[in-house]
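In: Any chance you could fold what I've pasted below:
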Amino acid sequence: MNDTPRIRTVLSCTLLALTFTAAGSACSASGDHPLSAKPYDAGQQISFNAPADGKKADPDKPLEITVKDEEGRITDVTALDETGHHLAGELTADGQRWRSTGALTAGGRYTVKVSTEDDDGAPGSRTYTFETAAAKRALTVAFGPEAGTYGVGQPITAELSLPVKDKAARAVVERALKVRSTPAVEGAWYWVDDKKLHYRPKEYWPAGAAVSVSGNLAGVKVGDKLYGGASKPLKLTIGDRIEAVADAGTYSMTVRRNGEVIKTMPVTTGKPGFSTRNGIKVVLGKEYYVRMRGTSVGIAEGSSESYDLPVYYATRVTWSGEYVHAAPWSVGSQGFANVSHGCVGMSTGNAAWFFETVRPGDIVQTVNSIGDTMDPFGNGFGDWNLAWDKWRQGSALTGVAAGGTATAVTTDTARLRPSV
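Out: The predicted structure is shown next:
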């Protein structure tokens, strides 16, 4: 089919419109041009593989629209779901077939508009609507922590209902997880393991920030026959910037609010063999009373290191039992020596003040201890002990293998016991 005459007619009309307004109007008003005709119903000209009679399409199968008996051609296809998202597709050079190349959403409703022309160039159109079947396997996401106000060190967590190992599938999931902060911050997700992600900013959250978290996975194809499900959004408020630094070398703790020192206290930290972990920890919770027993951390009952004590004003910083707490039995050593079994101990008055001052998400850092460094994952929130470039490597969107550089420590019952 030769389109040259028709193209020349349109161009000449346009040129006339540029030079002579009246002549251009007369040309465009002509009823002889094929494009000026009302589009005919193209339903008899094309075939569409979407199911009829109210049946739902398989979202794993591509859509295909073809011209019957090579009569005319398809000129354009637009496919939109109910949210306004376009379904990508390819049209053959001869206009005889269109095929979707993008993944359909599961449980969605689509509107497909097809434009055609016949051998004489007259335009045709047809609109189809159909629904896709719901996913048989749905990947859901649960965000944490619970809604509320937290400190500047609080990471966002995302727990997946099913494991995702493939890097391309991880990228689909990660793109759908949205974190917004006011004021805005630079941040990234890190794949802790196949079912868990953490999100943190490059630096601590700004004091007073409003943070919202949402997942746009519903109906999105993640992998082979695996689609995303709905997720409950989360909103957090960030409080003042509270940072406590326990210095095992000077036996003291300094607490700052928004950069200003508000209290310095004498403390004791872990003695040799039970040294407090170095590094940045995040407050996990607060317990007014905890019963601490040496047997819970492997110390034999009746040995020289054995203990069984009621402990008050206990602020937890690791799942394995490291706290900042009242230690009235060691007041004589506080400020002078490290005598605890790994916790930061202080007087009852100072511990009560600390307990009332901090909230979950606040920063507690230990420096100058001879102990190991806080694990990034698995024993609380040690996320801030990873440098930003290392953190970025844990994202599936960086082109670097995710989750391969940090060890995700699995907590067991024994590791959840407190120590003094």
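
In: So, low pLDDT: which residues of the stretch 201-350 of the chain?
Out: Across the stretch 201-350 of the chain, the stretches falling below the confidence threshold (pLDDT under 70) are 294-298, 300, 304-306, 308.

In: all helices of it, in order?
Out: Using DSSP state H, counting those that start in this stretch, the helices of the stretch 201-350 of the chain run over residues 348-357.

In: Pro62: how many residues sit nearby?
Out: 15 (other C-beta atoms under 10 Å). Where you see a C-beta, it was placed from the backbone N, CA and C, and this is true even at glycine.

In: so it makes contact with Thr101?
Out: Yes. The pair formed by Pro62 and Thr101 meets the contact definition of C-beta atoms under 8 Å, at 7.4 Å.

In: which intervals of the stretch 51-200 of the chain have sub-threshold pLDDT?
Out: Answering for the stretch 51-200 of the chain: no residues sit below the bar, that is pLDDT under 70.

In: ok, Arg256 to Gly349 distance?
Out: When distances are taken as C-beta to C-beta, to the nearest Å, Arg256 and Gly349 turn out to be 20 Å apart.

In: Between those two, which has more neighbouring residues?
Out: Just comparing Arg256 and Gly349: by other C-beta under 10 Å the higher neighbour count belongs to Arg256, 17 against 12.

In: what's the distance between the more buried one and Val245?
Out: Here Arg256 is placed at a distance of 8 Å from Val245 (C-beta to C-beta).

In: before we move on, what about Ala210?
Out: Using C-beta to C-beta, one gets 27 Å for the distance from Ala210 to Val245.

In: quick one: which of these two has more around it?
Out: Neighbour count, other C-beta under 10 Å: between Ala210 and Val245, Val245 has more, with 17 against 13.

In: Give me the distance between that one and Asn385.
Out: Distance of Val245 to Asn385, given as C-beta to C-beta: 14 Å.

In: Please apply the same query to Ala158.
Out: Distance of Ala158 to Asn385, given as C-beta to C-beta: 20 Å.

In: more neighbours, the two?
Out: Counting neighbours by other C-beta under 10 Å for Ala158 and for Asn385 shows that Ala158 has the greater number, 24 against 20.

In: give me the number of residues near Glu301?
Out: Glu301 - counted by other C-beta under 10 Å - has 10 other residues nearby.

In: ok, Glu322 - how many residues close by?
Out: Neighbours of Glu322 using other C-beta under 10 Å come to 29.

In: so it makes contact with Ser275?
Out: No. With contact defined as C-beta under 8 Å, Glu322 does not reach Ser275; the gap is 10.9 Å.

In: anything in contact with each of those two?
Out: Common contact partners of Glu322 and Ser275 (C-beta atoms under 8 Å, 6 or more residues apart in numbering): Gly342.

In: nearest spatial neighbour of Thr101, skipping sequence neighbours?
Out: Excluding the flanking residues, the one nearest Thr101 by C-beta to C-beta, 6 or more residues apart in numbering is Ala88, at 4.9 Å.

In: List phi and psi for the one you found.
Out: Note on Ala88: its backbone torsions stand at phi -70, psi 150 [degrees, to the nearest 10].

In: before we move on, what about Arg392?
Out: According to degrees, to the nearest 10, the main-chain angles of Arg392 amount to phi -60, psi -30.

In: Count the neighbours of it for me.
Out: Under the neighbour criterion other C-beta under 10 Å, Arg392 is assigned a count of 16.

In: secondary structure element for Ala171?
Out: With secondary structure defined by DSSP states H and E, Ala171 is part of helix 167-176.

In: send the alpha carbons of that helix over as CSV?
Out: Output in CSV follows, covering the C-alpha atoms of helix 167-176 (Å, rounded to 0.1, in the frame of the first residue of the first chain):
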residue,chain,number,x,y,z
LYS,A,167,18.1,-10.0,42.2
ALA,A,168,15.7,-8.8,39.5
ALA,A,169,12.7,-9.7,41.7
ARG,A,170,14.3,-7.9,44.6
ALA,A,171,14.7,-4.8,42.4
VAL,A,172,10.9,-4.9,41.7
VAL,A,173,10.1,-5.1,45.4
GLU,A,174,12.5,-2.4,46.3
ARG,A,175,11.2,0.0,43.7
ALA,A,176,7.7,-0.4,45.1
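
In: Go ahead and confirm Glu101 touches Glu90.
Out: Not Glu; residue 101 is Thr. Yes. With contact defined as C-beta under 8 Å, Thr101 counts as touching Glu90 (5.5 Å).

In: shared neighbours, those two?
Out: None of the residues lies in contact with both Thr101 and Glu90 under the rule C-beta under 8 Å, 6+ apart.

In: Burial check on Gly228, number of neighbours?
Out: Taking other C-beta under 10 Å as the definition, Gly228 ends up with a neighbour count of 24.

In: Just list the residues touching it, thanks.
Out: So Gly228 contacts 135, 138-141, 173, 176, 215, 217-222 (C-beta under 8 Å, 6+ apart).

In: Show me where the stretch 101-250 of the chain has its strands.
Out: Counting by DSSP state E, counting those that start in this stretch, the stretch 101-250 of the chain forms strands over residues 109-117, 123-131, 138-139, 141-144, 148-150, 156-160, 177-182, 187-193, 196-201, 210-215, 221-223, 226-228, 234-238, 242-247, given from the N-terminal end onward.

In: So what touches the fifth one?
Out: Where contact means C-beta under 8 Å, 6+ apart, the residues beyond strand 148-150 that reach it are Leu236, Thr237, Ile238, Gly239, Arg359, Pro360, Gly361.
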